[in-house]
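Student: Take this sequence and fold it.
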Amino acid sequence: MWIICPIAGVGKRLQPFTYSKPKAFLKVAGKRLIDHILLKLKKAFPEGTNLCFIVGYKKRQITDYLTKNYSDFFNLYFEEQKPLGYSNDIPYFSGLGDALLLAKQHAQNDDCFIFLSDRLPLEDYTSILLRFHQLQCDGVINVKRVKNPEYYGVTVLEEKGAFIKQIVEKPREFISDLAVAGAYLFGKTMTPRLFELLEEQSKLPLENGEEHQLTPVIEQLIRENVKITINEMREEILDFGRPEGLLEGNKHLLSELKLNDPTYEELVQSKNIIDSKIIPPVYIGENANITDSVIGPYVSIGDNVSIQKCILKEAVIGDGATLKKIISSQSIIGDYSILEDLIKSEITIGDSCYIASARNSLFY
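Tutor: Residues are numbered from 1 along each chain as shown. Predicted coordinates:
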């Protein structure tokens, strides 16, 4: 079986954080998003499994990091998706469908597991594998019941409930609440036709920001009587594609985190935390220093962070950040940013920024 991860996109909805790194490299609860996903994959797939990343934006950063940290377990391959063009020096691409097509030479005659790097299931991936092997089908799509299906691609089942009869991207009217949840398993009975349709779609012209997606190809496969079923996830699927999703995902991951020292007594004794109160769940990175502050609940603090006289809750603080006299909640602070003298909720700033209310200025 081949695992395929399309990771070429810029992550526009997560700007300004993605100006300096790919969206899958945002750190939450002490790990990059891609680390959280790959650790779950390591539990579901055997050592030596083939894993192909479709890279584009920040490709060198991605390939170097993944090769260094995961080549001992997975057989890693990288294929580059070329941008269609650039807007203000930021590349834009032709879509998920064209990204997956780049894996054709590897996976067109094999079982193929596809996952999206901004979706993280709290369950592991073994359930979709079991579903595929237990049911006579050509493919399986992970789904989750949602309250707002108009924002997702949704699946509609046959009357008997076994197989998908329709898949619709962002339906205007309610047809189903079973939303596609970022993971697909296509068997080798259908992958040759899958890549054939992806190639046909790639030749269609694009206009006005359109992209070649995966959903229309799956729709065509269903019309051709390919048997695709669902694997309904019971636990939460964390969507890190938006800032609000990042904060919500941070809360879930911190709640799951089992720390040996949840109140950080060892850091208190080592003088990394002085005259401060830590309200768990909180994650504090290496060489972080906290003085005269109240931190938590639901705060992720990166490595080499300095915090003085702050009150923070429900926040993600990047590596190397410096915060002094800040009172805030529901905020995301980028790497190596400096904030001073500020009382404000829902702060969202990217990497290497400087904000000081006394000077009423913002520099990049």
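Student: how deep is residue 334 tucked in, by neighbour count?
Tutor: A count of neighbours around residue 334, defined by other C-beta atoms under 10 Å, yields 24. C-beta here means a position set from N, CA and C on the backbone, and glycine is covered the same way.
Student: confidence score at it?
Tutor: Here, the pLDDT recorded for residue 334 equals 93.
Student: residues contacting it?
Tutor: Counting by C-beta atoms under 8 Å, 6 or more residues apart in numbering, residue 334 makes contact with 16, 17, 20, 318, 321, 349, 350, 351, 352, 353.
Student: With adjacent residues omitted, what lies nearest to it?
Tutor: residue 351 (3.8 Å; C-beta to C-beta, 6 or more residues apart in numbering).
Student: which residues does that neighbour contact?
Tutor: With the criterion set at C-beta under 8 Å, 6+ apart, residue 351 makes contact with 16, 17, 19, 20, 21, 318, 334, 335, 336, 337.
Student: Buried ones only from the residues you listed, please, as a ChimeraX command.
Tutor: Restricted to buried positions by 16 or more other C-beta atoms under 10 Å, the ChimeraX selection for those reads:
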select :17,19,20,21,318,334,335,336,337
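Student: possible to save the contacts of residue 351 as a markdown table with secondary structure and distance to residue 255?
Tutor: Listed next are the contacts of residue 351 as a markdown table, based on DSSP: H, G, I helix; E, B strand; the rest coil; distance: C-beta to C-beta, whole Å:
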| residue | secondary structure | distance to residue 255 |
| --- | --- | --- |
| 16 | coil | 27 |
| 17 | helix | 23 |
| 19 | helix | 30 |
| 20 | coil | 29 |
| 21 | coil | 25 |
| 318 | coil | 21 |
| 334 | coil | 24 |
| 335 | coil | 24 |
| 336 | coil | 28 |
| 337 | coil | 26 |
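Student: longest strand anywhere in the protein?
Tutor: strand 322-333 (DSSP state E).
Student: List the strands paired with the helix or strand following that one, with their directions.
Tutor: Past strand 322-333, further along toward the C-terminus, the next helix or strand under DSSP states H and E is strand 338-343. Using DSSP bridges, strand 338-343 pairs in its sheet with strand 322-333 (parallel), strand 354-356 (parallel).
Student: What number of residues are in the vicinity of residue 219?
Tutor: Neighbours of residue 219 using other C-beta under 10 Å come to 16.
Student: Who are the contact partners of it?
Tutor: 166, 167.
Student: The helix or strand in which it is found: which residues count as buried?
Tutor: Assigned by DSSP H and E, residue 219 belongs to helix 215-223. By neighbour count with 16+ other C-beta under 10 Å, helix 215-223 contains the buried residues 215, 216, 217, 218, 219, 221, 222.
Student: Now do the contacts for the closest residue to residue 14 other than its chain neighbours.
Tutor: Spatial nearest neighbour of residue 14, chain neighbours left out: residue 23 (4.9 Å); criterion: C-beta to C-beta, 6+ apart. By C-beta under 8 Å, 6+ apart, the contact set of residue 23 is 9, 10, 11, 14, 17, 33, 117, 118, 240, 241.
Student: Tell me if I'm right that the first one and residue 57 touch.
Tutor: In this case it means residue 9. Yes: between residue 9 and residue 57 there is a contact at 6.4 Å, judged by C-beta atoms under 8 Å.
Student: mean pLDDT lowest for which of the strands paired with strand 338-343?
Tutor: strand 354-356 (a mean of 89).
Student: hmm, who's touching stretch 132-140?
Tutor: 128, 131, 162-163, 184-187, 189-190, 221, 226-231.
Student: Please, a PyMOL command that selects the buried ones among the residues you listed?
Tutor: Burial among the contacts of stretch 132-140 is assessed by 16+ other C-beta under 10 Å; the matching PyMOL selection reads:
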select buried, resi 128+131+163+184+185+186+187+190+221+226+227+228+229+230+231
